[in-house]
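Undergrad: quick one, structure for this:
(one chain, ligands or ions: 1)
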Amino acid sequence: MASTAITRIGTLITNNPSLGHGPLGQLHDAAVVIDGDRIAWIGTTSETPTTDSHHDAAGRAVIPGFVDSHSHLLFAGDRTEEFTARMSGRPYTAGGIRSTVTATRRASDQQLDANLAAHLTEMRRQGTTTVETKSGYGLTTEDEARALRVARAHTPETTYLGAHITAPEYAEDPDAYVALVTGPMLDACAPYARWIDVFCERGAFGADAARTILAAGRARGLAPRVHANQLGPGPGVQLAVEAGAVSADHCTHLTDADVTALADGDTVATLLPGCEFSTRAPYPDARRLITAGVTVALATDCNPGSSYTSSMPFCIAVAVREMGMTPEEALWSATAGGAAALARDDIGHLTPGARADLALLAAPSPVHLAYRPGVPLIEAVWQNGARVP
Ligand SMILES: [Zn+2]
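TA: Here you go, the predicted model:
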């Protein structure tokens, strides 16, 4: 297998405190050796072993590839008009999902696949090397299963979200929809999914339905994660902790008891600032969570309704500006935090043996991701050890 050395790295973020200084394990004038799809060696430029090829970072920064642990990319259609209306004063509700459901059901498998592939390319160009993505715009057994089948060809991090909203056909009988989601739809989707998720929110699914859905998924070998406390206070976060969910996502409206439950449990709080930005809503308080000892991840929530950004650097900039995170904390949450939210130990850090997923920045320090918002600072990306365009 071919080996590559990246040398003269001005600031290398390993996220491994045993390899460098501070919680991000920083090294200066550093080098990384990639062998096959793995990190083979990390050290200083002057000690770099001989390799097949060589890339000169010329003093710029290298970080682990971003881990975007929350997105909804199996969709068709566009909600520009809804965004325009919202920016003209109309509030966001869970109901807008229905228009994407209509467009997604009409799309061919090829259209869904091409749309997903285009978004994944867009993400890679912005430094993202791992993407979780969900079903949830089909809401029939066939449409949910095909969304996950399409997704599975691109990423192992697939989430069954039949419980996004109650399918329009079941508006008068939501219990029958829960029976479908936990029965035939689950049977059809489970072979293509690693995770099961539920939108536990007023207007979507209440606590009892959410518990039933997560338990059914777990019985089929799917690990739970929860959309929780996005639009208002609710049972989602504590239910996620009770269910042993690896992540509670959104966490925008939290009581002290919610924060305590997260701090006492193992559930990661995944914050999605693109969503508050795009719905003109108050941001989650990352500082409060970090102070309480909660593990925080950042993700895009990329979807056509409430957060149509695919940019982790954008999320980092907003998290630093609006959510009380330091630049170091936001970078950690967008890399190692995302890996924690996917229960992965092979990504989110640069350590010999880890997957060779990394990004070279057009900047001497990763602080520039927040300091220079909106500027395309990702110069090169390696995914599974291969340089990707
Ligand atoms: Zn979401």
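Undergrad: where does the stretch 51-200 of the chain have low pLDDT?
TA: Scanning the stretch 51-200 of the chain for pLDDT under 70 picks out 92-95.
Undergrad: domains of the chain?
TA: Each domain of the chain is listed here as a residue range: 3-65+348-388, 66-342, per the TED database.
Undergrad: got a list of what residue 82 touches?
TA: 96, 99, 305 (C-beta atoms under 8 Å, 6 or more residues apart in numbering). For glycine as for every other residue, the C-beta is placed from the backbone atoms N, C-alpha and C.
Undergrad: dihedrals phi and psi, the spatially most central residue of the chain?
TA: In the chain, the centroid-proximal residue (C-alpha atoms, centre = their mean) is residue 69; its distance is 2.1 Å. Backbone dihedrals for residue 69, given as degrees, to the nearest 10, come out at phi -90, psi 10.
Undergrad: gap between residue 173 and residue 102?
TA: When distances are taken as C-beta to C-beta, to the nearest Å, residue 173 and residue 102 turn out to be 20 Å apart.
Undergrad: the residue nearest to the centre of the chain is in contact with residue 269, isn't it?
TA: No: with contact defined as C-beta atoms under 8 Å, residue 69 and residue 269 do not form a contacting pair (11.4 Å).
Undergrad: overlap of the contact sets of these two?
TA: Each of 247, 297 lies in contact with both residue 69 and residue 269 under the rule C-beta under 8 Å, 6+ apart.
Undergrad: tell me, how many residues neighbour the closest residue to residue 76 other than its chain neighbours?
TA: Setting aside the residues directly before and after it, residue 76 is nearest to residue 107 in space (C-beta to C-beta, 6 or more residues apart in numbering), at 3.6 Å. For residue 107, the neighbour count with other C-beta atoms under 10 Å is 21.
Undergrad: so residue 107 touches residue 78, yeah?
TA: No: counting by C-beta under 8 Å, residue 78 is not a contact partner of residue 107; they are 12.0 Å apart.
Undergrad: who wins for neighbours among the contacts of residue 82?
TA: With neighbours defined as other C-beta under 10 Å, the most crowded of the contacts of residue 82 is residue 305; it has 25 neighbours.
Undergrad: ok, now which ones touch that one?
TA: Counting by C-beta under 8 Å, 6+ apart, residue 305 makes contact with 79, 82, 92, 96-97, 100.
Undergrad: and residue 119, by the same measure?
TA: Residues touching residue 119, when contacts are defined by C-beta under 8 Å, 6+ apart, comprise 71, 73, 302, 310.
Undergrad: over to residue 367?
TA: residue 327.
Undergrad: tell me the most buried of the domains of the chain?
TA: domain 66-342 (a mean of 21; mean count of other C-beta atoms under 10 Å).
Undergrad: give me every residue that touches residue 213.
TA: Neighbour list for residue 213: 163, 178, 181-182, 196, 198, 205 [criterion: C-beta under 8 Å, 6+ apart].
Undergrad: please read the previous query as pertaining to residue 334.
TA: Contacts were defined as C-beta under 8 Å, 6+ apart; by that measure residue 334 touches 66-67, 297-299, 312, 315-316.
Undergrad: turn those into JSON lines, including secondary structure and distance to residue 120.
TA: Below are the contacts of residue 334 laid out as JSON lines (DSSP: H, G, I helix; E, B strand; the rest coil; distance: C-beta to C-beta, whole Å):
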{"residue": "66", "secondary structure": "strand", "distance to residue 120": "13"}
{"residue": "67", "secondary structure": "strand", "distance to residue 120": "14"}
{"residue": "297", "secondary structure": "strand", "distance to residue 120": "19"}
{"residue": "298", "secondary structure": "strand", "distance to residue 120": "18"}
{"residue": "299", "secondary structure": "coil", "distance to residue 120": "14"}
{"residue": "312", "secondary structure": "helix", "distance to residue 120": "13"}
{"residue": "315", "secondary structure": "helix", "distance to residue 120": "17"}
{"residue": "316", "secondary structure": "helix", "distance to residue 120": "19"}
